[in-house]
Each structure stands twice: as C-alpha cells, then as structure tokens.
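S.K.: Predicted model and sequence below, questions to follow.
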Protein chains: 2
Amino acid sequence: MSAYYQHSIRILVALDCIIFGFDGESLKLLLIKRDFEPEYGKWSLMGGFLNQDEDLEMAAGRILYNLTGLQHNYLEQLHTFGTVNRDPVERTISVVYYSLVNIADQDITAIKAHNASWISLDDRPRLIFDHDQMVAVALRRLRYKAALHPIGFELLPEKFTLPQLQKLYEAIYATQLDRRNFSRKIMATDLLLGTGEKDTISVTKKGQLFTLNTEKYRKYLAGDLTFMPELTELMTL
Amino acid sequence: MSAYYQHSIRILVALDCIIFGFDGESLKLLLIKRDFEPEYGKWSLMGGFLNQDEDLEMAAGRILYNLTGLQHNYLEQLHTFGTVNRDPVERTISVVYYSLVNIADQDITAIKAHNASWISLDDRPRLIFDHDQMVAVALRRLRYKAALHPIGFELLPEKFTLPQLQKLYEAIYATQLDRRNFSRKIMATDLLLGTGEKDTISVTKKGQLFTLNTEKYRKYLAGDLTFMPELTELMTL
DNA sequence: CTACTATTGTGTACTATTTACACGTTTAAT
DNA sequence: ATTAAACGTGTAAATAGTACACAATAGTAG
C-alpha cells in the first residue's frame, strides 16, 4: 500500500434512505420509530452501514428492500452529509439516497417489523441527528427533479387517473394547478396511454384510467425530452 | 459505543475536486499530472483524504485552496462515488465537489507546484480511476445548474462584456446563441450593472464592461428567481 | 483621411407557449 | 327526475421566445 494512504483515517460510512410515498392526498415519508440504540424511541430515517463488498447504490437498495420488501424502485443519490459531530457516537458520514415508491406495493409485514409508518410531510415529527436537514434537501430535490423529468409516476399505482396525477403534483409543489391546463399539458407529452377502463374510487363522474407509455417515459428520463419547465419557478418554495 | 456500530467497517474517505475555468474561448479543467504514487505520471483530478476533525465541505475547500490559492469560490457537492473496486489500492469512497473559478485569479506558483494545468474540456486526456465519469457527471450538473441559476458569472472576471458572457454560455452548452436575443434576455434579469468603461481586448468596436448586481444575484442564487429555463433543453446534451 | 471590415448595440415582426376562463357531460344520491 | 360533484374539451388574451435588419463604433489598409 502506498504511503499516501497510510496516514489517512478510516471512518464509518452510513446510508440513509428518504422514502417518499403518495396516498392520493398528501406526500408521505416512511419513518421509523427506533426500537434500538442509539436514540431509542425517537423518529429517524431508515439507515444502515456500508458493507465491505457492497457498492453504495447496492447498500441503499438493500436498506430499502429490508424495510419495504420493494426492489427496483426509483432510487437516486441525494447528498453526502459529513459534518464532524453529526453522529454523537462516532464520526460517521452518511450517504443519503431518496426513493419514490407506490405505497400500495409495500410489504406491510416488513414495515411493521421495523416499527415504521407513513407520515405526512406536514405532520412529521422531529427526526434524530441531521435527518431533518436531509428531508429538507430531499424535498427540494424532488421538486427540482419532478419539474423537469416525469418521475412523479413512480409514486402512483400502475393505473391512475388524471385527477390523481394532478393531486400528486399539487402535493409535491404545495400549490393549486388548473385542471384543464394540466390535462392539456400532460396529454401533449404523449406519456399516458388510455386503458379505456374507468376509475372505481371517485364518487361522481369516474375518470379514465391511464398507464404510462413506457417507451416515451424512458426517453424523458434519459433527458432527451424535458417535462414541465414552467414549474421550475416552484422548485425552491 | 453501541454494539450496532461495533461490527461495521471503517473505510477511507477521499475528496476529489473538479475545477472549471473559462479563458474566453473554451471551458477548461484544472488537472494534475501526478508526480506521486499511485498512478504516477497519469492525469487525474485534484484530490485528498478527509481528516479527522474536518467537515466534508471544509476538506474540499482545503484541497481547492492548496491547489489554486483560492478561497471562497463557488464550491458545490456533486456526487459520492463508491463502487467497490474504484480504487485498486484500497476500498475508498470519494465525495466529489465541483468548483467554478476565475482563471485570472489563480495562484500560478501553487498550480505549478502541484504539476497542474488548465486543459480544454475537449482536449482532456484520459484520467485515472473513475475520474472521467466524475467529470461527465460534473459537466451535466453544470449545464443543469447554469440553465436555472446564474452561476456562470463565477467563471468570469469582476468586469466583463456581454459578448464574453455569451461565449461562456456557448462553451458550456456547446451551442450557438443569437447575440441579440441573448443580450435582451440577460438585460431583462437586471443582473448586470454597466460600469461605463469599455472593453480593452476587442479589436474592433469595444463593448461595455459590466459587473454583477450582487443583490439581485443573491436572490437568483437563493432560488427566488429562475434564470434561463429555456436552456433546460440543452441540459443533458 | 477615407473606405473597409469586424463587432457591438438596439429594434421589430412573427411564432409558440402559457394562462385564464366557460360550457357541456357523466355518475350517483336524493 | 333533479341535483351536486367531478370529468372532458375548447378558445381568447397575454407572455415569452425566435428570427432577422440596420445603425454605430473602432481599428486597419490603402
């Protein structure tokens, strides 16, 4: 080993996951009430430590899988937090990922086993360490990203109606959107395929159910097309 | 110490800095030709290891300062790279920052001492480890960010002309912009203050020199205003 | 010192996009 | 059958973006 490396310190590398969900009304976070030390009894994000033979992304996926039973979700690295005293037990840097999941797909048993629950962003309790800061950064990133790329769909079930999609965007940006303009805008992207089926939930007129046009969707995600740039104004609200 | 922490591994945390500059013609990177091991003689980004009592951001700033003699530059965390075998010597994760500096302000002695040079993005040599990937991510981020926030100014001297600013944007996005529309667009942001002075470089008609309206600039950076959203199309080119 | 060239500064018409707003249709409950 | 709530589609006005034209300035060549 090179002398260059010899004198440097080795420290703990944690991973924390911010897991967003949407229940049709408000944006939710999957948080755990800790039944282990340190900070027993307090609320925190789901986390863990990096293993020896594990890439960062793999580790984040493992933690997400353990908690939710979900794999192949939208998972993106957010930021690395490394203030000296952020973890009072031992110097630890935390690589934070955020994930978008469809609440309906979750594994309830796994979630209960971890003492986790879905909590509305607005009602969330104070979290341990710098986890509140992590959530704030994640929300900003979600707004940033969802304005330019159609990642919102990751939060919805396979089939969804236009009003559902609109409610989601309104929840993300904490704003009201014009139903008619929203509809035209979304339809112009060619991202939705009508299924012919009708919504079963709505009490009055039932909306048409759509699925994602996955081919177009991939193009948008790859960045060949941008989505709703006019929302960029709301990114940092 | 908690048993929870006991079994986890501790690993090396490196920092690498991607330093962008602009010489009036093309975007440049400050790269070092390594006169030390490992990978002696090859090109790489400027990097180092995290110290015990150092925040991540401080460490990145230290590395940047050591190389360029510059402080208080634009410095933003980019991404953390942690593939298992990214560093063949020992498992290391690298927290990567990117910085925008005004080439004219640099400390030439410090740069020479580190065997560093400014290299055009287009002519850059192959870099060690995963540094090429880091640069690719940084360039994408720069394009993303510069379309929505006026960070480009960080690359220019205190006083600059409109044509200089335009050349910068053309370099970042590898595109041609209409001079007249660009001018109107920039002026509408109210970000520039005319100094009355004239350019000294230009051979023919000398353009007016501007400085940043720092008050407006801060508002834009804070995200209260967005900059050139129509460029978002070019973000991922 | 005049004509020429390259580059800067400002203006205007045209097109596309966004926004604001209206009316008819469907579903279920009374 | 009537009513209320929510869906679906349309259109005009305002805003923003694009394409293009011409005059002014500073150096250079003859």
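M.R.: On my side now, so go ahead.

S.K.: now the closest residue to DNA strand C within chain A: how far from DNA strand D?
M.R.: Of chain A, the residue with the smallest distance to DNA strand C, taken as C-beta to the nearest atom of the strand, is A:K205 at 3.0 Å. (C-beta placed from N, C-alpha, C; glycine too.) Separation of A:K205 from DNA strand D (C-beta to the nearest atom of the strand, to the nearest Å) stands at 4 Å.

S.K.: That residue - how many residues pack around it?
M.R.: Here the number of neighbours of A:K205 (other C-beta atoms under 10 Å in any protein chain shown) works out to 7.

S.K.: Next up, phi/psi of A:T200, please.
M.R.: In this entry, A:T200 is assigned phi and psi values of phi -110, psi -10 (degrees, to the nearest 10).

S.K.: Just give the number of residues close to the closest residue to it other than its chain neighbours.
M.R.: Nearest in space to A:T200, with sequence neighbours left out and distances taken as C-beta to C-beta, 6 or more residues apart in numbering or on different chains, is A:K206 at 7.2 Å. A:K206 is surrounded by 13 other residues when neighbours are defined as other C-beta under 10 Å.

S.K.: try A:I93
M.R.: Burial of A:I93 is recorded as 23 neighbouring residues (other C-beta under 10 Å).

S.K.: List the buried residues for stretch A:175-194?
M.R.: Under the neighbour-count criterion of 16 or more other C-beta atoms under 10 Å in any protein chain shown, stretch A:175-194 has A:182, A:186, A:189, A:191-192 buried.

S.K.: which pair in those spans the largest distance?
M.R.: In the buried residues of stretch A:175-194, the most distant members under the criterion C-beta to C-beta are A:F182 and A:L191, with 13.0 Å between them.

S.K.: my guess is A:S202 contacts A:T161, does it?
M.R.: Yes - because the distance of 7.5 Å satisfies C-beta atoms under 8 Å, A:S202 is recorded as touching A:T161.

S.K.: Who has more neighbours out of the two?
M.R.: The neighbour count for A:S202 versus A:T161, taken as other C-beta under 10 Å, is higher for A:T161 (19 against 12).

S.K.: so who does that one touch?
M.R.: Shown here is A:T161, whose contacts under the criterion C-beta atoms under 8 Å, 6 or more residues apart in numbering or on different chains are A:199, A:202, A:207-210.

S.K.: now the strands: where do they sit in chain A?
M.R.: Counting by DSSP state E, one finds strands in chain A at the ranges A:10-22, A:27-33, A:43-44, A:46-49, A:74-81, A:92-100, A:116-120, A:192-198, A:208-212.

S.K.: Run the angle between the first one and strand A:74-81 for me.
M.R.: So that's strand A:10-22. Angle, strand A:10-22 to strand A:74-81, by axes from the mean of the first three to the mean of the last three C-alpha atoms, to 10 degrees: 140 degrees.

S.K.: List the neighbouring strands of strand A:10-22 plus their orientation.
M.R.: Each strand pairing with strand A:10-22, determined using DSSP bridges, is listed with its direction: strand A:27-33 (antiparallel), strand A:46-49 (antiparallel), strand A:92-100 (parallel), strand B:10-22 (antiparallel).

S.K.: which stretches of chain A have low pLDDT?
M.R.: Low-confidence regions of chain A, defined by pLDDT under 70, span residues A:1-4, A:224-225, A:230, A:232-237.

S.K.: Get me the contact residues on it for DNA strand D.
M.R.: Within chain A, the positions lying close to DNA strand D (C-beta under 7 Å from any atom of the strand) are A:161-163, A:179-181, A:183-184, A:199, A:202-208.

S.K.: So which of these sit within helices?
M.R.: Judged by DSSP state H, those include A:162-163, A:179-181, A:183-184 as members of helices.

S.K.: For A:G47, list the residues it contacts.
M.R.: Applying C-beta under 8 Å, 6+ apart as the definition, the contact partners of A:G47 turn out to be A:14-17, A:63, A:94.

S.K.: Just give me the closest of those to DNA strand D.
M.R.: Using C-beta to the nearest atom of the strand, A:C17 comes nearest to DNA strand D of the contacts of A:G47, at 32.0 Å.

S.K.: What residues are bridge-paired with that closest one?
M.R.: Note on A:C17: beta-bridge partners A:M46, A:Y97, judged by DSSP bridges.

S.K.: Then the one 4 residues further on?
M.R.: Note on A:G21: beta-bridge partners by DSSP bridges are A:K28.

S.K.: Would you agree it is in contact with A:A104?
M.R.: No - the pair A:G21 / A:A104 is not scored as a contact, 9.1 Å apart, by C-beta under 8 Å.

S.K.: Out of these two, name the residue with the larger neighbour count.
M.R.: A side-by-side neighbour count of A:G21 and A:A104, using other C-beta under 10 Å, places A:G21 first with 22 against 10.

S.K.: Contacts only, for that one.
M.R.: By C-beta under 8 Å, 6+ apart, the contact list for A:G21 reads A:27-30, A:100-103, A:106, A:118, A:155.
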